[in-house]
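[1] after the sequence you'll find the predicted model.
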Amino acid sequence: MSSLSVFPPPPAEGEITLCEFNAKLIAESSKTAKLSKYIPATQGLNYSSISLNNEGTRTSKSLSKSDSEWCLFVQTEESIYKKLLNVWQSKGFVELLSEIKKNKDEVPSWLWNLSGGTDAVLRWFSSLYGRIFPHLNLSREEMISVFSVVSSWETSPIRAFAWHPHVAKFAIAWQDDSVKVHTLSSDVVPLLKHKLQKAVSCISWRPLSGSVLVVGCDNGLFVWTVDPSSPAVRLGSSSVRHLSYPGHSPVVTLSWSPSGQLLVSGSPADSNLLVWDISLESATPLYRAGGGVTLTTWSPDERNVFAATPSSLFRVWETQSWTCDKWSNLAGACQVSFKCQRPLTNYTGGLYFLVLTTKKFLCYNNSHCVLQAACWSRDGKILVFSVANESALYSLQFQDISDKQNNTSTSKGARLAVKCADLAPHTWEMEQESVTVGGFVRSMAWDPLGERLAVIFKGETEEAQELVTVFKTRLTPTFEIIPSGFVRGPPNTVPELVTFQQNFKKGALLTVCWSDGSVSFIPFLFLPPSLAQSTSELESGALNFTDGMLSQ
Amino acid sequence: MMPSDSPRPPRSEVAKLKWFTEGVNIFISKDRFVSLVKDVVHRSRISAILFPLHPARMCHILLFVSSGAVAAYNVFGIWSDEIFYFTRFSEEYQPKFFLVKMSIGPCFKQSILTCLKATRWFYVLYYLFGNVPRDAFLSIAEVPLDSGVPARNTILGLLDLSLFWSVVTTGSLILFLWTFGCKLLVIFYTQFLAMFDLCHLSQFNSSRRKQIFSLRQPIQAQSPSLYSSPLLSPVNATDRQTILSPPGKVQLWSESNGNAVKIPAPAPAQQTNIFIRLRTKANEKVDNFVWRLNQVPHNTPEARTKAIFADCQLHIWAVEALSRLVAASYNEDTYGVVQKSLPDIFISLVSLLQALDKHSKLSLALTSKPAIQARPPRPQGKDSLRYQLRTTLVSSIYRITNIFHEHLRNIPMAVEHQKKLQSFLEFKE
């Protein structure tokens, strides 16, 4: 079992980690650091530099409820009942009550009294509910920042980051609720901004598509179509669709099925897990008790969906018949990062790593422990997760069970999670100061090949610890986690978000968003054994089509 | 003359008839069907609705209906020509008719068994809550309680035979309708279900995929059992239809909306293996659709284009199943069965995409849109399938290009298809 004490000492303060080269993480003083010293520009590693200075980000307004619906033009006068009906249809019953309350003069008095009474009763019940699920008493912003992947969502300039699963392009959500799409080979940076797109908490590219990006925010989902061949910098309202479902806000987690057909979304305030068909714009709610959904990830083989709740249980949905397995009595809150390894030969390139923090949640509810992070392996057979109040990583193996009678096969989880890494804090005495790393996991990410695992730890305050810990991982013959090193960012910053590029050919490319708004791209250059093997196979048996026949 | 108690049968015909009817009347009135000859006044609408559900009345109704049916059958037999004796089925449907006939008995049995099983729950509920609606009725209608009838929440009330009879009859009738309806759907929508099944197996079931990628050649005459196995149900369904259609009139994937249907040449399918045949069917489907799209004149009204896209769910499944099979073949296809037809599949997918784009461009130009849109229109109803077809198609092509990458360039194809391939390889779609 891996432990932090066997790690090499971390880079000193003032240094910045550049890359992994010859199996070593290289750090240099931040003043002289240049990546090109180690990796020539001819390697094609030309990443645009992203920092707050280039963006001119302004702080966003607070999330106050606004009356404006999707309406670009002057609102026409409509009768009160029509208006109420509209509110009921679009926002649900609770909003209807508050709308009646607002229009005391227009509605008849009996209706006003009735709705006031109902509202009071509902409030009483929801306060009871809130006692069972303390997170429901949080304000919306607090709720997002507790359950978002970002270490400190409220103060971080970057609120979400997503690499495209197949192409070298990524989307960043800034604090002012704008989303920008950067393509490595092009200077065009489309800006995605909408009046209702507030408090962005997650973004996700559609797999097997070049253009569709879904943004999850306070108001629901925004589906953007970013045409890669169009030179437009600012996208208009013709390329966006707004999807919402009554009661389903704020959305904090999104996950596409690997084939790009379905999308699941979850909100900590809504017990429904929503399964969207984006092309039909229809949603199917899957209701299970648990007080909300804080984290969803789709397994890379498309058979299972993982859904965590704010309480100490999580579910694994099986996607053929949509039934679920419940896992409860966890030793801690759920922080799950689903790994998806990308085999060279397959399209399911995706790193679906999501984390649910529980630091704040635990302050409210010390008796509960919630799952914290989890990852799927490339074949969907291994799930690695960590719990909130235990400094360790656990793994869970899934097996294929074929049902001879119905001629189907389902994958079922083992009944026992195995501890695979001990993350107890360890202190290094450096020349000037001492550095302590370890503790509870805040978030983590696994690279698409399944070779590197990056972990952010919780700090003592709200912020995360300043170093990103990197492990090497191996899936065959047995699953192993091996120490590798630490990554340090620009001076006086802490990591907010870690992720990996999905289609990096020369190893893995770690992307870290820092608390000063800069993004660093740290290439880990290595030749993974699986890649080496399949490359040689491919080279030896060159495929060739002639006259519709395949000859080797 | 011997004195006798019983009246002698009357001699005249009229008297005979009178005697007979009286006898019947006496017979009925002595039986428990006595209620049939009473006048009934309904006090409420509910009672009027529930009145025929009484077991005795149901029997009565059944008798009436069956006597009517017998009479109608006789009249029909006497007065109609020979044609009316038989209902003509098209040849394609003949085996289905026997399937339906065969399934009636088991359906009936199954529904009665299910009903009996469910009855215990009914009794539990009835015992617990049976009094609630009755008391409600009583208090609303202010009717005095009939003390002769035992209360529902007593054991005596539960042992009522007529209650059991009505529960079982109504329950099994409803269940029979449901199961038989499902059965009919399964029997008549083989093509639909076969495509769905194919799509499903291409995604989830590696053992059945293995069968498709195998070199085995099922020969119908020798191995009929193979065809009844669930393993090959898609092949089964598609093949059965080809075989049963008269030659030269392959209606396999024909569409029923009045458009001219392209008649594909009957493929010499029997000689090839399962995948090739499946592929041929699905490919034909896609090609057919392309042909139809190209056939549409430029000034087609919107209604007609809608009709074309109304049934494209099958096409969506066909496209998806094809692409998934191709994707799975990279690792699973040991004999190269799929690779042989990869060029055909790829070209037909790309040409469908192009036809679709061309068509939507034309129809977009024609339809006048409202100048101001408060929000982008939601695709709804049947029209949404058009969008879904396109998204599925794009994803499917990506699925293939992501696996075969540059190797696809070696496929001989038209210049415009090559351009499309290029943009797919660069993720520009």
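    Noted; the coordinates are in hand. Numbering: from 1, shown residues only, chains lettered A, B, ... in the order given.
[2] quick one: residues contacting residue A:321.
    Under the criterion of CB atoms under 8 Å, 6 or more residues apart in numbering or on different chains, residue A:321 has no neighbours. Heads up, the C-betas are built off the backbone N, CA and C, glycines and all.
[3] so it sits in a helix?
    No: applying DSSP: H, G, I helix; E, B strand; the rest coil, one finds residue A:321 to be coil, outside a helix.
[4] ok, it to residue B:118 distance?
    23 Å (CB to CB, to the nearest Å).
[5] of all residues in the stretch 1-150 of chain B, which one is closest to chain A?
    residue B:110 (18.4 Å; CB to the nearest CB).
[6] relative to residue B:173, how far out is that residue?
    With CB to CB as the criterion, residue B:110 and residue B:173 are 13 Å apart.
[7] host element of the residue of the stretch 1-150 of chain B closest to chain A?
    helix B:94-129 (DSSP states H and E).
[8] tell me where the model's unsure across the chain.
    All of this is about chain A. A:40-46, A:52-77, A:328-372, A:375, A:378-379, A:399-416, A:529-552 (pLDDT under 70).
[9] you answered for a different chain; I wanted chain B.
    Ranges of chain B meeting pLDDT under 70: B:1-40, B:79-90, B:92, B:149-150, B:152, B:215-275, B:277, B:295-305, B:363-383.
[10] quick one: secondary structure of residue B:173?
    Relying on three-state DSSP, one would call residue B:173 helix.
[11] before we move on, the earlier item: which strands and helices lie in contact with the helix holding residue B:110?
    Applying 3 or more CB pairs under 8 Å, 6 or more residues apart in numbering or on different chains; DSSP states H and E, one finds that helix B:94-129 contacts helix B:155-158, helix B:161-188, helix B:233-244.
[12] in it, what's buried?
    Across helix B:94-129, burial judged by 16 or more other CB atoms under 10 Å in any protein chain shown covers B:96, B:99-100, B:103, B:107, B:110-112, B:114-115, B:119, B:122, B:126.
[13] and those residues as JSON lines, adding distance to residue A:431?
    Formatted as JSON lines, the entries for these read as follows, by distance: CB to CB, whole Å:
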{"residue": "B:96", "distance to residue A:431": "86"}
{"residue": "B:99", "distance to residue A:431": "85"}
{"residue": "B:100", "distance to residue A:431": "88"}
{"residue": "B:103", "distance to residue A:431": "85"}
{"residue": "B:107", "distance to residue A:431": "85"}
{"residue": "B:110", "distance to residue A:431": "82"}
{"residue": "B:111", "distance to residue A:431": "84"}
{"residue": "B:112", "distance to residue A:431": "87"}
{"residue": "B:114", "distance to residue A:431": "80"}
{"residue": "B:115", "distance to residue A:431": "84"}
{"residue": "B:119", "distance to residue A:431": "84"}
{"residue": "B:122", "distance to residue A:431": "82"}
{"residue": "B:126", "distance to residue A:431": "84"}
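[14] and which of those residues is nearest residue B:282?
    Lowest distance from residue B:282 to the buried residues of helix B:94-129 (CB to CB) belongs to residue B:96, with 22.8 Å.
[15] what sits opposite residue A:470 in the beta ladder?
    Beta-bridge partners for residue A:470, by DSSP bridges, are residue A:454, residue A:485.
[16] wait, it touches residue A:482, no?
    No: with contact defined as CB atoms under 8 Å, residue A:470 does not reach residue A:482; the gap is 10.4 Å.
[17] for residue A:245, find the nearest of the helices and strands packed on helix B:94-129.
    When the helices and strands packed on helix B:94-129 are compared by CB to CB, helix B:161-188 sits nearest residue A:245, at 30.8 Å.
[18] quick check: angle from the closest one to helix B:94-129?
    150 degrees (axes from the mean of the first three to the mean of the last three CA atoms, to 10 degrees).
[19] how many neighbouring residues does residue A:457 have?
    Counted with other CB atoms under 10 Å in any protein chain shown, residues neighbouring residue A:457 total 25.
[20] would you map the helices across chain A?
    Using DSSP state H, the helices assigned to chain A run over residues A:52-55, A:80-91, A:93-102, A:109-132, A:140-147, A:359-364, A:529-540.
[21] can you say which of the ones you listed is packed in most?
    helix A:140-147 (a mean of 22; mean count of other CB atoms under 10 Å in any protein chain shown).
[22] can you tell me the closest non-neighbouring residue to residue A:314?
    residue A:308 (4.3 Å; CB to CB, 6 or more residues apart in numbering or on different chains).
[23] wait, isn't the one you found in contact with residue A:326?
    No: contact status for residue A:308 versus residue A:326: not in contact, 11.5 Å apart, counting by CB under 8 Å.
[24] who touches both of those two?
    By CB under 8 Å, 6+ apart, the residues touching both residue A:308 and residue A:326 are A:314-315.
[25] more crowded one of the two?
    residue A:308 (34 against 11).
[26] from residue A:386, how far out is that one?
    Residue A:308 is 12 Å from residue A:386, by CB to CB.
[27] and stretch A:154-167, how far out from the chain middle?
    Offset of stretch A:154-167 from its chain centre (CA atoms, centre = their mean, to the nearest Å): 9 Å.
[28] helix, strand or coil: sort out residue B:413 for me.
    coil.
[29] tell me, how many residues neighbour residue B:191?
    Counted with other CB under 10 Å, residues neighbouring residue B:191 total 18.
[30] actually residue A:6, sorry about that
    Neighbour tally, residue A:6, other CB under 10 Å: 9.
[31] and residue B:291, by the same measure?
    Residue B:291: 15 surrounding residues under other CB under 10 Å.
[32] what separation do you get for it and residue B:353?
    On the measure of CB to CB, residue B:291 and residue B:353 end up 15 Å apart.
[33] what's the answer for residue A:288, then?
    Taken as CB to CB, the span from residue A:288 to residue B:353 is 39 Å.
[34] of these two, who's got more company?
    Taking neighbours as other CB under 10 Å, residue A:288 and residue B:353 compare with residue B:353 leading, 22 against 15.
[35] check contacts around that one.
    Going by CB under 8 Å, 6+ apart, the list of residues near residue B:353 reads B:390, B:393-394, B:397, B:420.
[36] can you name the next helix or strand after the helix or strand hosting it?
    Per DSSP H and E, residue B:353 falls inside helix B:337-366. The helix or strand immediately downstream of helix B:337-366 is helix B:384-404, counting by DSSP H and E.
[37] angle of that following helix against helix B:337-366?
    Using the same axes, to 10 degrees: helix B:384-404 against helix B:337-366 is 140 degrees.
[38] may I see the buried residues of stretch B:42-61?
    B:55-58.
[39] now, those that are in helices?
    Short answer: the buried residues of stretch B:42-61 in helices (DSSP H) are B:55-58.
[40] output stretch B:148-165 as PDB - backbone C-alpha positions only.
    Extracted C-alpha coordinates of stretch B:148-165, given in PDB (Å, rounded to 0.1, in the frame of the first residue of the first chain):
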ATOM      1  CA  GLY B 148     -78.700  -8.500   5.600                       C
ATOM      2  CA  VAL B 149     -75.500  -8.000   3.800                       C
ATOM      3  CA  PRO B 150     -72.400  -8.900   5.900                       C
ATOM      4  CA  ALA B 151     -69.900  -6.200   6.400                       C
ATOM      5  CA  ARG B 152     -66.800  -6.200   4.300                       C
ATOM      6  CA  ASN B 153     -64.400  -6.300   7.100                       C
ATOM      7  CA  THR B 154     -65.600  -9.600   8.500                       C
ATOM      8  CA  ILE B 155     -64.500 -13.100   7.400                       C
ATOM      9  CA  LEU B 156     -68.100 -13.800   6.400                       C
ATOM     10  CA  GLY B 157     -68.000 -10.900   4.000                       C
ATOM     11  CA  LEU B 158     -64.900 -12.200   2.400                       C
ATOM     12  CA  LEU B 159     -66.200 -15.600   1.900                       C
ATOM     13  CA  ASP B 160     -68.900 -14.300  -0.500                       C
ATOM     14  CA  LEU B 161     -68.700 -16.400  -3.600                       C
ATOM     15  CA  SER B 162     -70.200 -13.800  -5.900                       C
ATOM     16  CA  LEU B 163     -67.500 -11.300  -4.800                       C
ATOM     17  CA  PHE B 164     -64.800 -13.800  -5.700                       C
ATOM     18  CA  TRP B 165     -66.400 -14.500  -9.000                       C
END
